[in-house]
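>>> A predicted structure for the sequence below; I have some questions about it.
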Amino acid sequence: EYRVVDAAGNASPSYGIVPVDPLFVSDMVLSVAYPPHTGLLADEFRGDPPPLRLPSGSVLVFEGLASRALSSVQLVDSAGSEVVSFSVEGNEFEARWSPSVSGSFEWMFRDQMGGAAEIQPEALEVLVVPDAEPTIEIPIPGRDTVMPLNLRQPLLLEGGDDYGLRRIELVAYRVTSFGERMEPVSQGFDVGGQRAILARPLLDLRGWGLMPGDTVRYYARAVDNSPVSQVSISQEYFLSMPDAADLRREAEDAFQEVAERLTELAAEAERQSTENREQALESVRQRGTEQGASEEEAFQEREELEAALTEQREMNAVVDSMRQEMESLEALMQESGQADPELRRQLEELQELLEQMTGDELRQRMEEMAEALERENTSAATDALEEMADEQEELRDRLEEAMERFRRAALEQDFRATTDEIEELARQEQALADAMKEGDNSDLRARQQEDLARQTEAIEENMASLEERLAEMGEQQASEGVREAVERSSEA
């Protein structure tokens, strides 16, 4: 109790103060359980929790104590609407909540008399992060293209997901030249929850019975490991059957590559011929001036002879591998159903040229040299080496001749492919001109016109290069034909 008394002894009435304990939150524990597919471990916070970044589907469990008995506990949103209502028993409170939206949520504590808490946790900041859809792409080849001659298209699939992928698939289907869509074929595999994956499937079309004019369309599909199994699909691409111009381009590249390798082999044959002749002369000189060479010198001489024989064997193996490549190219063209009779004839001639490249005489010298070395007859091996050096000079001449043949073959295929492309471009330009007369879909026609202009520019550049190469090879008539085609293309 208390009262006030003045100097004269006058006193005010007496008053009493009854202390009341304030309402406050004395303890609170927040447990966070994340969705199983995220792979995240549970968290626990005591007291004021920090701002929460929660994957969609996370569950919050609250348990706490107040300083005295409660009547209600709530979490309310920014509009004051109740979001969570807690179970209350005496001074204890608890609740279980799975937030579906982000926001800032205020606490509302009330005691038995309806009084608010004097001390309570700060507003609960929640950011709900939705489960992102998986990603899937096909970066290689990453564009529409012509299928390989062997009808086996290597691909690269690149997929990812924020919490892991369950499965990826490659889906392909055939569209016939008549526009009929066949049933899709799917090949896929489980990836066990990996968050990122690179896969290299091989799209094998050899058993599909493809015909000229057919296309194969394909795309990739990814499924994540969330409870709803979200699915994403990549961009769709198509593979077209190679036509005559494509085959000629393929043959052109193959012929040009062989020509370059033959140039290297010719230089190697000349080097070997020179070295072997010098080695043979040196061996003869030593036998004439140093009878009874030491054992070490004899061993070194045998080693040098065996090395020369090994080098020639390796060169023969390279020539044989090129011949096999030409055989494979011919077989692939036959399998694709697009083998051009003229191209097949040319392939057969070039194969025969490579088969005769090493020559019977050179092979005979190699056999004689191998037998002499086996008998440890260094003198006979040296004689065979000298004769082999002569044969290697002839091999160099044959390699240079073959190199010219292959260069001309590559040039011929370039000429034919370019001619085909010019004719096809002319047909497309005529078709576009007819379509533009009808006046429909002007935006599409404008895009098609731009595309044809780009094709024309590329072909003109290739024709200019081809004209120059033909002139260098002495094909003046063919060069003039290309020039006329360039002029016709420019006028169009």
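Good, I have the coordinates.

>>> hey, where'd the strands end up in the stretch 101-250 of the chain?
Listed in chain order, the strands of the stretch 101-250 of the chain (DSSP state E, counting those that start in this stretch) span residues 103-111, 124-129, 135-140, 145-146, 152-154, 156-160, 165-175, 185-190, 196-199, 202-204, 215-224, 231-233, 237-240.

>>> What strands line up against the fourth one, and which way round?
For strand 145-146, the paired strands and their directions (DSSP bridges) read strand 237-240 (parallel).

>>> Dump the partner strand to PDB, keeping only the CA atoms.
C-alpha atoms of strand 237-240 as PDB (Å, rounded to 0.1, in the frame of the first residue of the first chain):
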ATOM      1  CA  TYR A 237      15.500 -32.500 -83.800                       C
ATOM      2  CA  PHE A 238      15.400 -34.500 -87.000                       C
ATOM      3  CA  LEU A 239      17.800 -36.600 -89.000                       C
ATOM      4  CA  SER A 240      17.300 -36.800 -92.800                       C
END
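
>>> I'd like the distance from it to the chain centre, please.
16 Å (Cα atoms, centre = their mean, to the nearest Å).

>>> Could you list the residues in contact with it?
By Cβ atoms under 8 Å, 6 or more residues apart in numbering, the surrounding residues in contact with strand 237-240 are 138, 141-147, 153, 175, 203, 205, 214-219. Where C-beta positions appear, they are placed from N, C-alpha and C, glycine not excepted.

>>> State the mean pLDDT of stretch 4-13.
Stretch 4-13 comes out with an average pLDDT of 86.

>>> just stretch 30-49 next, same as before
This predicted structure assigns stretch 30-49 an average pLDDT of 94.

>>> Could you list the low-pLDDT ranges of this structure?
Low-confidence segments of the chain (pLDDT under 70): 20, 244, 284-298, 332-340, 358-359, 439-440, 469-492.

>>> State which helix of it is the longest.
Looking across the chain with DSSP state H, the single longest helix is helix 378-438.

>>> residues of the next helix-or-strand element following it that come out buried?
Under the assignment DSSP states H and E, the closest C-terminal helix or strand after helix 378-438 is helix 442-472. Residues 445, 448, 452, 456, 459, 462-463, 466-467, 469-470 are the ones in helix 442-472 that count as buried (16 or more other Cβ atoms under 10 Å).

>>> Adding distance to residue 429, write those out as CSV.
Written out in CSV, the entries for the buried residues of helix 442-472 read as follows (distance: Cβ to Cβ, whole Å):
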residue, distance to residue 429
445, 12
448, 10
452, 6
456, 8
459, 12
462, 17
463, 16
466, 20
467, 21
469, 26
470, 25
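
>>> with the residues you listed in mind, which one is nearest to residue 437?
Using Cβ to Cβ, residue 445 is the member of those that sits closest to residue 437, with 10.2 Å.

>>> list the contacts for the closest one?
If a contact means Cβ under 8 Å, 6+ apart, then residue 445 has 432, 435-436 as its contacts.

>>> Out of the residues you listed, which end up buried?
Of the members of the contacts of residue 445, none is counted as buried by neighbours, 16+ other Cβ under 10 Å.

>>> Export the residues you listed as TSV, with columns for distance to residue 31.
Converted to TSV, these look like this (distance: Cβ to Cβ, whole Å):
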residue	distance to residue 31
432	68
435	68
436	70
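
>>> quick one: which of these is nearest to residue 363?
For the contacts of residue 445, with residue 363 as the reference and Cβ to Cβ as the criterion, the closest is residue 432, at 59.3 Å.

>>> if I look at the closest one, how far off is residue 118?
Separation of residue 432 from residue 118 (Cβ to Cβ, to the nearest Å): 82 Å.

>>> And for residue 306?
Here the distance between residue 306 and residue 118 works out to 100 Å (Cβ to Cβ).

>>> how distant is the longest helix of the chain from the center of its chain?
In terms of Cα atoms, centre = their mean, the gap separating the centre of helix 378-438 from the centre of its chain is 31 Å.

>>> Check which helices and strands it sits against.
Helices and strands touching helix 378-438, as assessed by 3 or more Cβ pairs under 8 Å, 6 or more residues apart in numbering; DSSP states H and E, comprise helix 244-289, helix 295-335, helix 341-355, helix 360-374, helix 442-472, helix 476-491.

>>> Could you list the buried residues of the fourth one?
I take that to be helix 360-374. In terms of neighbour count (16+ other Cβ under 10 Å), helix 360-374 has its buried residues at 362, 365-366, 368-370, 372-373.

>>> In TSV, list those residues along with distance to residue 34.
Putting these into TSV (distance: Cβ to Cβ, whole Å) gives the following:
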residue	distance to residue 34
362	75
365	78
366	73
368	80
369	76
370	73
372	80
373	75
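
>>> Closest to residue 314 out of the residues you listed?
Using Cβ to Cβ, the shortest approach to residue 314 within the buried residues of helix 360-374 belongs to residue 366, at 11.7 Å.

>>> Okay, now the sheet partners of the host helix or strand of residue 84, with direction.
Counting by DSSP H and E, the element that carries residue 84 is strand 82-85. The sheet places strand 82-85 alongside strand 70-76 (antiparallel), with pairing taken from DSSP bridges.

>>> Show residues contacting the partner strand.
Residues external to strand 70-76 that are found in contact with it (Cβ under 8 Å, 6+ apart): 23, 82-86, 88, 90-91, 93, 95, 97, 105-112, 114, 124.

>>> Would you mind listing which of those residues are buried?
Among these, the ones that count as buried (16+ other Cβ under 10 Å) are 23, 83-84, 86, 88, 91, 93, 95, 97, 105-111, 124.

>>> phi, psi of residue 161?
phi -160, psi 150 (degrees, to the nearest 10).

>>> how much space is there between it and residue 136?
For residue 161, the distance to residue 136 under the criterion Cβ to Cβ works out to 9 Å.

>>> Mutual contacts of these two, please.
Each of residue 222 lies in contact with both residue 161 and residue 136 under the rule Cβ under 8 Å, 6+ apart.

>>> Could you export stretch 27-38 as CSV, CA atoms only?
Only the C-alpha atoms of stretch 27-38 are listed here, as CSV (Å, rounded to 0.1, in the frame of the first residue of the first chain):
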residue,chain,number,x,y,z
ASP,A,27,11.3,-21.3,-24.6
MET,A,28,10.5,-22.4,-28.1
VAL,A,29,12.0,-25.1,-30.4
LEU,A,30,11.3,-25.2,-34.1
SER,A,31,12.1,-28.4,-36.0
VAL,A,32,12.2,-28.4,-39.8
ALA,A,33,11.7,-31.7,-41.8
TYR,A,34,12.5,-31.4,-45.5
PRO,A,35,10.9,-33.5,-48.2
PRO,A,36,12.7,-36.9,-48.5
HIS,A,37,13.5,-36.5,-52.2
THR,A,38,15.6,-33.4,-51.5
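
>>> quick one: buried residues of that stretch?
Across stretch 27-38, burial judged by 16+ other Cβ under 10 Å covers 28, 30, 32-35, 37-38.

>>> so which of the residues you listed comes closest to residue 424?
residue 37 (52.2 Å).

>>> List the residues that contact the closest one.
Under the criterion of Cβ under 8 Å, 6+ apart, the contact list for residue 37 reads 163-164, 193, 224-227.

>>> Repeat that for residue 447.
Taking Cβ under 8 Å, 6+ apart as the definition of contact, residue 447 has no neighbours.

>>> how close does it sit to residue 454?
If you measure residue 447 against residue 454 using Cβ to Cβ, the figure is 11 Å.

>>> just residue 413 next, same as before
Between residue 413 and residue 454 the distance is 23 Å, computed by Cβ to Cβ.
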